[in-house]
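> Please work out how this folds:
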Amino acid sequence: MTYETIRYSRDGDIATLTLDRPEVMNGLTSTMRREIRAAVEDAGKTARVLVLTGAGRGFCSGQDLSEVPGIQPHELECLLREEYEPMLHAVYDCPVPTIAAVNGPAAGAGANLALAADVVIAAHSAVFLQAFTRIGLIPDAGGTFWLPRQVSFARAMGAVLFAEPVTAEQAADWGMIWQAVPDADFAATIRSRASQLAAGPTAAYRLAKQALRSSLQNRLADQLALEAQLQGLAGDTHDFREGVDAFLEKRPARYRGS
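Numbering: from 1, shown residues only. This is a model prediction of the structure:
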């Protein structure tokens, strides 16, 4: 497939999706949302890990406002339901591990697109900005879902109402992201982390993601039952048998994801 607004590539088992509108800090357009969804769905079928990053000096500035001048309320709702929701579900539900490599500012829907990934690693020069109230809107693109769960209700409320930048180091301290790294180490860190996940037990990763996300609404009894069910599935994979054999034989495991 040919893409207009993103770059999508494969290096072995690692797929990389790069938002590629650097002249507008990778602002999201209708075309870009469709292309992100298509590339993520392809990665989920053909790769073992997906890295999502931005071209140039920013990750994503959110919705490209020049695309929606004079948008009406019902049109705004349709935009979110018909374009943003499928894109966000594609990232959040991707069956392989996803890493948001936040190379620079991530604002509005761009910040929340990053938070949809399984793991967020940000360069020290990156900031996260819930910019919506600056233009009289509420957070969308999943912001009201992810923020309270990741950083506490109090910090989520402050980030939304004050609409002030949260640095990468703050975000790591708050639990919003997994890791903040110096810019000089950023590219090497992303390669290392992506390679680690690509070489890991893909089936176990998929089942672990399902279990953790289900815990957000399950009662303890339901979660324990789900753990038992999913562990049964994990125990019936080549990766489990290989992991045990490798441990007993004191050698690195050679996983294949099934």
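
> name the helices or strands packed onto the helix or strand bottoming out on mean pLDDT in the chain?
One helix or strand of the chain scores below all others by mean pLDDT, DSSP states H and E: helix 73-79, with a mean of 86. Using 3 or more C-beta pairs under 8 Å, 6 or more residues apart in numbering; DSSP states H and E as the contact test, no helix or strand touches helix 73-79. Just so you know, the C-beta spots here come from the backbone N, C-alpha and C atoms, and that holds for glycine as well.

> start the count at 838, not 1, going forward
Will do, 838 is the new start, and the previous item becomes helix 910-916.

> immediately after it, which helix or strand?
Using DSSP states H and E, the helix or strand that directly follows helix 910-916 along the chain is helix 922-929.

> Quick one: mean pLDDT over that next one.
Per-region confidence: helix 922-929 scores 97 on mean pLDDT.

> again with stretch 986-1001
On average, the pLDDT along stretch 986-1001 is 95.

> same thing with stretch 1066-1083?
On average, the pLDDT along stretch 1066-1083 is 94.

> in the protein, which spans are helices?
Counting by DSSP state H, one finds helices in the chain at the ranges 867-883, 910-916, 922-929, 946-952, 980-988, 990-999, 1005-1011, 1020-1035, 1039-1051, 1057-1072, 1075-1086.

> picking up where we left off before, so how far is the least confident helix or strand of the chain from its chain's centroid?
24 Å (C-alpha atoms, centre = their mean, to the nearest Å).

> ok, how many other residues are close to Arg971?
The number of residues packed around Arg971, counting by other C-beta atoms under 10 Å, is 11.

> who's in contact with the nearest residue in space to it that is not next to it in sequence?
Among residues not flanking Arg971 along the chain, Ala1000 sits closest, at 5.0 Å (C-beta to C-beta, 6 or more residues apart in numbering). The contact partners of Ala1000, by C-beta atoms under 8 Å, 6 or more residues apart in numbering, come to Leu966, Gln967, Ala968, Phe969, Thr970, Arg971.

> Chain neighbours aside, what residue packs nearest to the residue sitting nearest the centre point of the chain?
Nearest residue to the geometric centre of the chain (C-alpha atoms, centre = their mean): Ala954, 1.4 Å. Spatial nearest neighbour of Ala954, chain neighbours left out: Ala937 (3.7 Å); criterion: C-beta to C-beta, 6+ apart.

> right, and the one you found touches Ala960 too?
No. Using C-beta atoms under 8 Å, Ala937 makes no contact with Ala960, being 11.7 Å away.

> Quick check on these two: which one has the bigger neighbour count.
Each of Ala937 and Ala960 had its neighbours counted (other C-beta under 10 Å), and the higher figure belongs to Ala937 (28 against 21).

> quick one: contacts for that one?
If you count contacts by C-beta under 8 Å, 6+ apart, Ala937 has them with Leu889, Thr890, Phe896, Leu950, Ala951, Leu952, Ala953, Ala954, Val956, Val957, Ile958.

> Buried ones among these?
Neighbour-count burial (16 or more other C-beta atoms under 10 Å) applied to these gives Leu889, Thr890, Phe896, Leu950, Ala951, Leu952, Ala953, Ala954, Val956, Val957, Ile958.

> and the last one, what are its bridge partners?
On DSSP bridges, the residues paired with Ile958 through beta bridges are Ala938, Gln1016.

> residue contacts, it?
With contact set as C-beta under 8 Å, 6+ apart, Ile958 has these partners: 936-939, 1014-1018, 1023, 1026-1027, 1030.

> for these, which one is nearest Ala996?
The shortest gap between Ala996 and any of the contacts of Ile958 belongs to Ile1014, at 13.0 Å (C-beta to C-beta).

> Compute the number of surrounding residues for the closest one.
Per other C-beta under 10 Å, the neighbour tally for Ile1014 reads 27.
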